[in-house]
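> coords please:
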Amino acid sequence: MNVETTQALIALAAFFLTFTAAILGGVKWMLDRVERRTDRNFAQVDQRFAQVDQRFAQVDQRFEQMDHRFDRLEARMDRADARMDRADVRFDERMARIDARERQIDDRLLQIDANIVEITAKIVGITQNMADVKASLARLEGPRPPFLVARG
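Below you'll find the model as predicted:
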């Protein structure tokens with residue numbers, strides 16, 4: 001091998017080495033750029049996940065608040081139910097007393113009706129007796145009563 005062939009081979013080797021170094025440098029630069037972009041994108045994704053996590057925490061807190069409200073509402077409704085049950089019992093007791101009182105009043109009204117019938121019968125009897133007394137007096141007085149002025 002002569003010097004020119006050696007120089008040509010060295011130049012060719014240098015060219016391939018330079019070309020390889022340029023390609024590898026470009027690849028390294030592209031990989032660095034891809035890595036930076038990927039890191040930036042991952043950072044943005046992590047930030048978004050953090051925001052989503054924060055939002056989920058807020059939603060969880062809101063659900064807890066609503067759950068607590070529903071528990072309080074349920075307790076209030078249970079208390080209202082208990083009050084209504086007690087009111088129903090009191091109402092039923094009062095209605096039973098009213099029914100008993102109505103039966104007493106009905107019995108008393110029947111007694112009063114019987115007494116009125118009895119008193120009416122006595123008044124009819126007294127009226128008949130009065131008519132008999134008047135008839136007796138009229139027979140005793142005769143056709144012309146002497147005390148006509150006094151009777152009025």
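> how far does the helix ranked longest in the chain sit from the chain's center?
Ranked by residue count and defined by DSSP state H, the top helix of the chain is helix 3-141. Centroid separation for helix 3-141 versus its chain: 6 Å, with Cα atoms, centre = their mean, to the nearest Å.
> quick one: low-confidence residue ranges for this structure.
1, 141-152 (pLDDT under 70).
> spatially central residue for it, please.
Met77 (6.5 Å; Cα atoms, centre = their mean).
> gap between that residue and Arg83?
Met77 sits 11 Å away from Arg83, going by Cβ to Cβ, to the nearest Å. To be clear about C-beta, it is placed using only N, CA and C from the backbone, and glycine gets the same treatment.
> repeat for Gln44
Gln44 sits 58 Å away from Arg83, going by Cβ to Cβ.
> cool, Asp39 as well?
Going from Asp39 to Arg83 by Cβ to Cβ gives 65 Å.
> swap in Thr18?
Separation of Thr18 from Arg83 (Cβ to Cβ): 95 Å.
> just Met95 next, same as before
Look at Met95 and Arg83: by Cβ to Cβ, they are 18 Å apart.
> same thing with Arg94?
The value you get for Arg94 to Arg83, if Cβ to Cβ is used, is 16 Å.
> same thing with Arg101?
The value you get for Arg101 to Arg83, if Cβ to Cβ is used, is 26 Å.
> cool, and Ile105?
Distance from Ile105 to Arg83, by Cβ to Cβ: 32 Å.
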